[in-house]
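K.L.:
Turn this into a structure:
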Amino acid sequence: MPISFPKTLPKNPCIAIVAPSGAALDDTNIEAGVQALKNAGFKVVNFYQHADRFERFGATDQARLEQFHAAIDDPE
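P.N.:
Numbers count the residues shown, from 1 in each chain. Here you go, the predicted structure:
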């Protein structure tokens, strides 16, 4: 079986942050992760809102679905 490699990322790639399942334990970790990605040269769009946590999840089912759709629909 031949080895396959992923396509090269475009210049200034954009990464979307969403919470499709569990919530982050500490919002400072999110901020640090976003900053690390930016320092690595990525544009970052954060759709996750730590204040919207619902029980152990990143938000309600509907809100998590909306985050995911917003990320997909974002032109960047």
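K.L.:
Quick check: residue 47 vs residue 73, distance?
P.N.:
Residue 47 sits 10 Å away from residue 73, going by Cβ to Cβ, to the nearest Å. Backbone N, C-alpha and C define where each C-beta goes, glycine included.
K.L.:
So the two - more neighbours on which side?
P.N.:
More crowded of residue 47 and residue 73, by other Cβ atoms under 10 Å: residue 47, with 19 against 7.
K.L.:
residues touching the residue lying closest to the more buried one once chain neighbours are set aside, list them.
P.N.:
In space, and not counting its chain neighbours, residue 47 is closest to residue 67: 4.3 Å by Cβ to Cβ, 6 or more residues apart in numbering. By Cβ atoms under 8 Å, 6 or more residues apart in numbering, the residues touching residue 67 are 18, 19, 20, 47, 48, 58, 59.
K.L.:
Please, where are all the helices along the chain?
P.N.:
In the chain, the segments counted as helices under DSSP state H are 27-39, 61-73.
K.L.:
contacting residues around the first one?
P.N.:
For helix 27-39, the external contacting residues (Cβ under 8 Å, 6+ apart) are 15, 17, 24, 44, 46, 48, 50.
K.L.:
gap between that helix and the chain center?
P.N.:
11 Å (Cα atoms, centre = their mean, to the nearest Å).
K.L.:
Do me a favour and average the pLDDT over that helix.
P.N.:
Across helix 27-39, pLDDT averages out at 91.
K.L.:
got the buried residues for it?
P.N.:
By 16 or more other Cβ atoms under 10 Å, the buried positions in helix 27-39 come out as 30, 34, 37.
K.L.:
Kindly report the same for the last one.
P.N.:
Buried residues in helix 61-73, counted by 16+ other Cβ under 10 Å: 63, 64, 67, 71.
K.L.:
can you pull the contacts of the second one?
P.N.:
Shown here is residue 64, whose contacts under the criterion Cβ under 8 Å, 6+ apart are 18, 19, 20, 21, 57, 58.
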